[in-house]
Every structure is written in structure tokens, then in C-alpha cells.
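> Pasted the sequence and its predicted model underneath.
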Amino acid sequence: MALRNETHPPLHPHERRPEPLADGSSGEKNPRPANIAVFDGSFAPSARPTVSADKPWYNDRDYFVKGWTSRQIWKAAFVESVGTFGVVYISGQISATLMNYGTVQIGAYIAISTIVLLSVFIYATAAGTGGHMNPMITFSAVLSGFCPLPRGVLYLGGQVAGSAVAGGLLMATWGGERAIRYRGGGCFYDPSQLSSGQAFLNEIVCSFILLYLAYGVGLDPRQAMLFGPKTGPLLVGASVGLIAFANSGAVPGYAGAQMHPGRCFAFGIARQDMDGQWIWWFGPAIAAVLLAIMYNLIPPHFASKGNQEL
């Protein structure tokens with residue numbers, strides 16, 4: 001167990017600080033107060049704990065009960081809502097801009113803008129909250145043992161609230177007629193070209209692939225050590241951009257897999273039409289469960305007392 005600096009507030013067991021050096025110092029030239037983004041599911045690897053938990057998350061009572069009243073986590077959830085609002089609002093405006101330009105290379109512009117958009121927002125937010133800004137990421141992190149339940153639930157609430165505000169402001173900015181013409185900014189399919197079941201299946205598969213890549217370049221603490229805090233967010237943005245490009249023109253009248261339930265919730269609000277929301281919510285949820293099963297069968301996030309190589 002890592003020693004604690006008594007000048008800082010206590011942390012959740014899954015939110016540890018680095019081990020002190022042999023001389024008892026923290027190892028930092030200029031010690032700073034603990035960053036609230038210190039948890040395994042953060043996109044800020046330098047803020048992560050270096051001490052593994054001594055048991056799986058599902059056997060740890062603290063994983064489920066500690067942190068509900070933490071003012072730091074509530075504040076982080078508010079910042080997470082602001083970050084999610086920004087991502088969703090700008091994403092909607094990008095979609096409207098591309099529709100107005102009438103470009104035939106919309107897939108390429110979607111990919112490029114997505115890479116830049118997500119990367120800069122993760123860079124801007126990760127140090128304060130961990131930089132999820134997506135209900136699918138947070139839900140997956142909770143089930144995989146990377147994000148304690150209280151933090152996860154508060155983040156989910158903040159993300160949904162931020163998305164709702166973004167949807168309302170998009171509608172107010174565009175006006176009702178334009179919002180319908182822009183289809184709210186995305187998250188749609190033409191039933192004459194694609195069935196709801198096909199869209200649902202694609203949402204599950206693409207969401208799972210995105211989660212696999214996101215964990216591989218950022219959320220998995222072992223992988224984060226390989227890529228570092230500077231390249232992780234960029235690689236996550238590149239992963240989303242690649243998958244978005246692959247889907248953008250696959251079927252006429254289909255916006256492709258969205259992999260962000262909050263974004264689709266916002267666009268449904270903007271166009272005042274919530275049809276198909278189950279696709280954008282349950283698809284990523286199933287993908288998160290599948291990814292969590294894999295990570296719990298091959299657990300990278302805790303060290304067994306009898307098998308320290310895990």
C-alpha cells in the first residue's frame with residue numbers, strides 16, 4: 001500500500017498516488033496537491049496510480065460505496081459535463097457546416113475533424129477529470145474495474161446533462177427548421193436502405209472496436225505507459241476518426257456508427273425526434289459489456305497476491 005501524504009485529502013483505494021522514494025519523499029521536485037484525475041480509467045497517465053489493487057474490483061466494497069460524497073469528484077463530474085457539452089456542440093456544428101458545403105469528400109472531412117476535435121478536448125480535460133466525455137467510455141471503465149462506481153455514475157449524469165444542453169443550444173442556434181434539415185447534426189439512418197437491426201449490429205461492432213483501441217492506446221494503464229500522456233489522446237482521436245470514416249459512406253442515408261450515446265441524445269433533442277435512440281444507447285452498452293468481460297477474464301488492472309505477474 002502506498003504511503004499517503006497527510007497534507008492531501010485521502011483517496012479512494014483505486015485512486016492511489018505513486019509510491020514514495022526510499023528517502024520518504026514523493027519523488028517530485030515540486031509536490032502538488034493530488035490531481036482529481038488520479039484513477040485507473042483516466043486519459044492522463046501521469047496522474048494514474050502506480051500501485052495495483054490487491055484484489056479484483058468486483059470483490060472490493062470500496063469500489064462501489066466510497067466517493068459518493070466527495071466534493072472533488074462532484075466537481076470533476078461538472079467539468080466532465082462541460083467538456084462533453086463542448087465536444088457535442090462543436091461536433092454538431094461541424095456536421096452542419098459539411099452539409100452546407102455540400103462536399104463529396106464528406107468522409108475525409110469527418111475523419112480529420114473528429115481526430116482534431118477529440119484529441120484537443122481530451123488534452124484539455126484529462127488532467128481535471130480523466131477526459132472521458134462519452135457515456136460509453138465511462139460505462140465501460142466502470143465495468144472493467146478502471147473507474148469506481150460513484151465516479152462513474154456522477155460522470156454519466158454530467159455527460160448526459162452536458163449533451164442535453166448542447167442539443168438544446170444547437171436547436172436554438174439553428175432554429176427548428178434548420179435543425180430538422182441538418183437531422184440534428186447526425187445519428188440517423190434511412191429505413192429504406194438499412195434496417196434498425198443492421199444499424200444496431202454495426203453500432204455494437206464498431207463501438208467494441210473503438211473501445212478495444214481506446215483501451216489499447218490510453219485507458220489500459222499498461223498500454224498508457226508505452227505511449228505516454230502526450231500521444232494517448234491523439235491516438236484515441238485517430239481511432240475514432242478512422243472508424244467514423246469507415247462508416248460514413250457505407251450505406252446511403254446512414255450516418256454510420258456513432259459510438260457516443262450522449263451525442264445522439266443531443267442530436268435527437270436538436271431535431272425534436274428521439275426515434276432510434278435505443279440503437280445509439282444499447283449498442284454501445286452491449287459493446288462495453290463485451291469489452292469488460294474480456295478485461296475481467298484477462299485482468300490487467302489488479303495484482304493477485306499469489307500471482308504477481310498479472
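On my side now, so go ahead.

> gap between the lowest-mean-pLDDT helix or strand in the chain and the chain center?
The helix or strand of the chain with the poorest confidence is helix 221-248; it has a mean of 84 (mean pLDDT, DSSP states H and E). Helix 221-248 sits 12 Å away from the centroid of its parent chain (Cα atoms, centre = their mean, to the nearest Å).

> That one packs against which elements?
helix 106-129, helix 196-214 (3 or more Cβ pairs under 8 Å, 6 or more residues apart in numbering; DSSP states H and E). C-betas here are computed from N, CA, C, even on glycine.

> List the buried residues for it?
Going by neighbour count (16 or more other Cβ atoms under 10 Å), the buried part of helix 221-248 is 221, 223-224, 227, 229, 231-245, 247-248.

> Moving C-terminal from that helix, which element do we reach first?
The first helix or strand that comes after helix 221-248 along the chain, using DSSP states H and E, is helix 261-271.

> what's the neighbour count on Gly216?
By other Cβ atoms under 10 Å, the residues close to Gly216 number 17.

> residues contacting it?
Gln223 (Cβ atoms under 8 Å, 6 or more residues apart in numbering).

> Val236 versus that one, what's the distance?
10 Å (Cβ to Cβ, to the nearest Å).

> got it, and Val104?
Taking Cβ to Cβ, one finds Val104 at 28 Å from Val236.

> what's the pLDDT at Leu211?
Confidence at Leu211, expressed as pLDDT, is 96.

> I'd say it and Phe139 touch.
No - Leu211 is beyond contact range of Phe139, at 10.0 Å (criterion: Cβ atoms under 8 Å).

> any residues in contact with both of the two?
Joint contacts of Leu211 and Phe139 (Cβ under 8 Å, 6+ apart) are Ala288.

> Helix 261-271 and the lengthiest helix in the chain, what's the angle between them?
Secondary structure of the chain per DSSP state H: the longest helix is helix 71-101. If you take axes from the mean of the first three to the mean of the last three Cα atoms, to 10 degrees, helix 71-101 sits at 50 degrees to helix 261-271.

> centre of the chain versus helix 71-101, how much separation?
Centre to centre, stretch against its chain (Cα atoms, centre = their mean), the figure for helix 71-101 is 12 Å.

> ok, now stretch 280-288?
13 Å.

> what's it in contact with?
Residues contacting stretch 280-288 (Cβ under 8 Å, 6+ apart): 135-136, 139-140, 143, 187, 200, 202-205, 207-208, 210-211, 257-261, 263-265.

> quick one: contacts for Tyr58?
Gly145, Asn296.

> Can you tell me the SS state at it?
helix (DSSP: H, G, I helix; E, B strand; the rest coil).
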